[in-house]
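Participant: Just a sequence and a predicted model for now, questions to come.
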Amino acid sequence: MSVATASSSVQTEVAGHFDVLIVGAGISGIDAAYYLQKDCPEKSFAVLESQGSFGGTWEFHKYPGIRSDSDLYTFGYKWKPWVDAPIASAPEILRYLDEALDEQDLKKHIQYKRKVKNASWDSKAQQWTVSVENLDSGELQTFSCGFLWMCQGYYKFDGGYVPDWPGKEKFKGDLIHPMEWKEDYDYADKEVIVIGSGATAATIVPAMAPTAKHVTVLQRSPTYFSPGRNKNELADTLRDLDIPEEWTHEIVRQQILKEGGAIADLAFAQPEMLKEQLIGVVREHLGDDYDVETHFTPSYEPWRQRLAFVPDGDLFKGITSGAASMCTDHIESFNENGILLKSGKQLDADIIISATGFNLCVLGGIDFSVDGKPVDFSKTTTYRGCMFSDVPNMAWVFGYFRASWTLRADLISELMCRMFNHMKGKDSAVVTPTLRDMDKNMASLPWIDPDNFNPGYLQRGMHAMPKQGDQEPWIFTQDYQLEKKEFPAANLDDGSLIYS
Ligand SMILES: Cc1cc2nc3c(=O)[nH]c(=O)nc-3n(C[C@H](O)[C@H](O)[C@H](O)COP(=O)(O)OP(=O)(O)OC[C@H]3O[C@@H](n4cnc5c(N)ncnc54)[C@H](O)[C@@H]3O)c2cc1C
């Protein structure tokens, strides 16, 4: 349906009503669509996606070597076996998602080049009105829906975080953030500096090193890396035994989750021991003569930031071959030829890559209002890290950082579908998380405990994020081992969800 209605400057189309609108066709949006179709087949739904194709993060980023740092047995869906090496490139992930969409016949539900601009809830009509820009025609479209399922990710897509380094504008080469990378960008025989040593740097450096003249990783302080082979021996054994892929997928998932849980436990119980283990493996790769103390010994405890996996030690191979090197120092200023460091050393470059992270984004930067009142999410309290106090009929998928994001997308999808069916049983159209009397004096805590997990982008954006409380169901633990039990057992009639 598309009835054009008058407007002074832009046309407004009435584009249709759906029971559920999913925003974003990345891993989470596809997951939401799958569960909705399976568990609530009577619900009409559409997926609105601003890019020209599905895949979200994996469609958007084009920098050299882009790959997951989670294994695809757990980063892939519970419901679709992963049949390759655990760490996958963006094209491999997109192929997997393409297959998933075809197998489940979900493509017909996705509308591309549709950017959601604002959403307003009307309690009388019991629905959201969603204003959407058609990026092909420039027209504004209006959708309405009973429930908004926000799967738009957690960072801004219109540019990454680039610190305001003094003299940045003087550099005569190219200063590029990985989010802006153009696929055909030529860096052959160029002197490259990569600023930052997180997961993006761990990916981009080994991918560029063989082609560039040299790649220098400039870091203020070291990061933990976890080198390992990009294969899963248990999966290979099960395949040798002709075990069905569905079984292999599930068994390997459980193995990886168990090992991941043990590492997380160790990180909190005996951080020094884990630190020694992680650094010891790096030392094995780089040899006794390498200055591991300066370049690979972080000052923070392991697991407080994401652990960057290095498949087959490729980053370290780049360093030992001489194609890449580490520099641990602080930037004094940029100049024409490169970067002057606080130590007084000058690093010259043709290209500087700012692998300095993201800008956190609360619900896609979309303007939300409830009955005409703008919603300030920093004033809301989260229900289980996926809904918000006093915001009716809306969920947000925010995954795990230490475990695979998708594990949480699956848990939220199952919870939402259970909630929809619960509401059907009660003949109610609206669910609003609401603080009970007993919750009103509880502590108001940051979205994620900074002592527990503290990467820069979270610290920079935390003030704008919703709050969590200190009692159920207002806690957001980021702990898969806890939530995998709590979500399926969640009592939907504990008084914190008001139905009408
Ligand atoms: C380079 C990189 C590597 C990562 N690697 C891992 C990893 O190995 N393991 C892991 O667990 N996590 C990883 N992450 C985190 C990662 O973002 C998530 O795991 C996962 O891909 C998120 O999926 P998503 O669907 O929730 O969000 P996204 O992938 O961010 O997709 C959101 C989609 O919503 C669309 N959208 C946003 N706003 C609007 C709007 N207003 N209107 C319409 N559409 C909109 C976007 O265009 C996008 O397609 C990585 C992140 C990055 C950036």
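Facilitator: On my side now, so go ahead.
Participant: So residue 130 belongs to a strand, correct?
Facilitator: Yes. Counting by DSSP: H, G, I helix; E, B strand; the rest coil, residue 130 falls inside a strand.
Participant: Around the ligand, which positions in the protein sit nearby?
Facilitator: The chain comes close to the ligand at residues 23-29, 48-51, 56-57, 61, 68-70, 75, 115-116, 151-153, 157, 200, 364, 366, 397, 399, 404-405, as judged by C-beta under 6 Å from any ligand atom. In this view, the C-beta of every residue, glycine as well, is placed from N, C-alpha and C.
Participant: Return the subset of the residues you listed lying in helices.
Facilitator: Of the residues of the chain next to the ligand, the ones assigned to helices by DSSP state H are 27-29, 57, 75, 200, 405.
Participant: nearest spatial neighbour of residue 372, skipping sequence neighbours?
Facilitator: Of all residues not flanking residue 372 in the chain, residue 120 sits nearest, at 7.4 Å (C-beta to C-beta, 6 or more residues apart in numbering).
Participant: Would you mind writing the CA trace of the host helix or strand of that neighbour as CSV?
Facilitator: In this structure, residue 120 sits in strand 114-122 according to DSSP states H and E. The C-alpha coordinates for strand 114-122 follow below in CSV (Å, rounded to 0.1, in the frame of the first residue of the first chain):
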residue,chain,number,x,y,z
ARG,A,114,14.2,2.6,4.7
LYS,A,115,15.7,4.8,7.4
VAL,A,116,13.6,5.2,10.6
LYS,A,117,13.6,8.8,11.7
ASN,A,118,11.2,8.9,14.6
ALA,A,119,8.6,6.9,16.4
SER,A,120,5.7,8.1,18.5
TRP,A,121,3.5,6.0,20.7
ASP,A,122,-0.2,6.8,21.1
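Participant: What residues of it count as buried?
Facilitator: Neighbour-count burial for strand 114-122, counted by 16 or more other C-beta atoms under 10 Å, picks out 114-116, 119-121.
Participant: Tell me how many other residues surround the residue of the stretch 251-400 of the chain found nearest the ligand.
Facilitator: The ligand sits closest to residue 364 of the stretch 251-400 of the chain, with a gap of 3.7 Å, by C-beta to the nearest ligand atom. Using other C-beta atoms under 10 Å, residue 364 has 22 other residues around it.
Participant: cool, residue 246 as well?
Facilitator: 11.
Participant: Setting the sequence-adjacent residues aside, check what's closest to it.
Facilitator: In space, residue 246 is closest to residue 81, 5.5 Å off (C-beta to C-beta, 6+ apart).
Participant: okay, that neighbour: pLDDT?
Facilitator: At residue 81, the model reports a pLDDT of 98.
Participant: shift numbering so it begins at 227
Facilitator: All right, first residue 227 from here; so that's residue 307.
Participant: List the residues that contact it.
Facilitator: By C-beta atoms under 8 Å, 6 or more residues apart in numbering, residue 307 lies in contact with 471-472, 474-475.
Participant: redo that, cut-off 6 Å
Facilitator: 471-472, 475 (C-beta atoms under 6 Å, 6 or more residues apart in numbering).
Participant: swap in residue 254?
Facilitator: Residue 254 makes contacts with 377, 623, 635, as judged by C-beta under 6 Å, 6+ apart.
Participant: mind listing what the second one touches?
Facilitator: Spelled out, it's residue 623. Neighbours of residue 623 in contact, by C-beta under 6 Å, 6+ apart: 254, 377, 635, 638.
Participant: Can you verify my assumption that residue 340 contacts residue 358?
Facilitator: Yes. Under the criterion of C-beta atoms under 6 Å, residue 340 makes contact with residue 358 at 5.0 Å.
Participant: residue boundaries of the helices in this protein?
Facilitator: With DSSP H as the definition, the chain shows helices at residue ranges 253-265, 283-286, 298-301, 316-329, 425-434, 459-466, 471-495, 497-512, 518-521, 540-547, 631-652, 682-687, 706-715.
Participant: Just send these back as a markdown table, with distance to residue 530 and mean pLDDT too.
Facilitator: Shown next, in a markdown table, are these (distance: least, C-beta to C-beta, whole Å; pLDDT from 0 to 100):
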| stretch | distance to residue 530 | mean pLDDT |
| --- | --- | --- |
| helix 253-265 | 24 | 98 |
| helix 283-286 | 22 | 97 |
| helix 298-301 | 21 | 97 |
| helix 316-329 | 27 | 98 |
| helix 425-434 | 14 | 94 |
| helix 459-466 | 29 | 97 |
| helix 471-495 | 8 | 93 |
| helix 497-512 | 9 | 93 |
| helix 518-521 | 19 | 96 |
| helix 540-547 | 21 | 93 |
| helix 631-652 | 18 | 98 |
| helix 682-687 | 11 | 82 |
| helix 706-715 | 17 | 95 |
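Participant: Indicate which one of those helices is closest to residue 670.
Facilitator: helix 682-687 (17.2 Å; C-beta to C-beta).
Participant: From the contact counts, what lies against the closest one?
Facilitator: Using 3 or more C-beta pairs under 6 Å, 6 or more residues apart in numbering; DSSP states H and E, no helix or strand is in contact with helix 682-687.
Participant: so what's the residue of the stretch 327-476 of the chain found nearest the ligand up against?
Facilitator: Relative to the ligand, the nearest point of the stretch 327-476 of the chain is residue 379 (2.3 Å; C-beta to the nearest ligand atom). By C-beta under 6 Å, 6+ apart, residue 379 lies in contact with residue 282.
Participant: how many other residues sit next to residue 406?
Facilitator: Neighbour number of residue 406 under other C-beta under 10 Å is 16.
Participant: quick one, domains of the protein?
Facilitator: Taking automatic domain parsing as the criterion, the chain consists of the domains 228-383+587-725, 394-580.
Participant: For the ligand, what is the nearest residue in the stretch 527-676 of the chain?
Facilitator: residue 631 (3.1 Å).
Participant: Can you give me the distance of the closest residue to that residue other than its chain neighbours to residue 636?
Facilitator: Excluding its sequence neighbours, the residue lying closest to residue 631 (C-beta to C-beta, 6+ apart) is residue 625, at 3.0 Å. Plainly put, residue 625 is 9 Å away from residue 636 if you go by C-beta to C-beta, to the nearest Å.
Participant: Also residue 474?
Facilitator: From residue 474 to residue 636 the distance is 18 Å (C-beta to C-beta).
Participant: Next: residue 271.
Facilitator: Taken as C-beta to C-beta, the span from residue 271 to residue 636 is 18 Å.
Participant: try residue 695
Facilitator: Look at residue 695 and residue 636: by C-beta to C-beta, they are 24 Å apart.
Participant: and what of residue 481?
Facilitator: Residue 481 is 18 Å from residue 636, by C-beta to C-beta.
Participant: When those two are compared, which one has more neighbours?
Facilitator: residue 636 (23 against 15).
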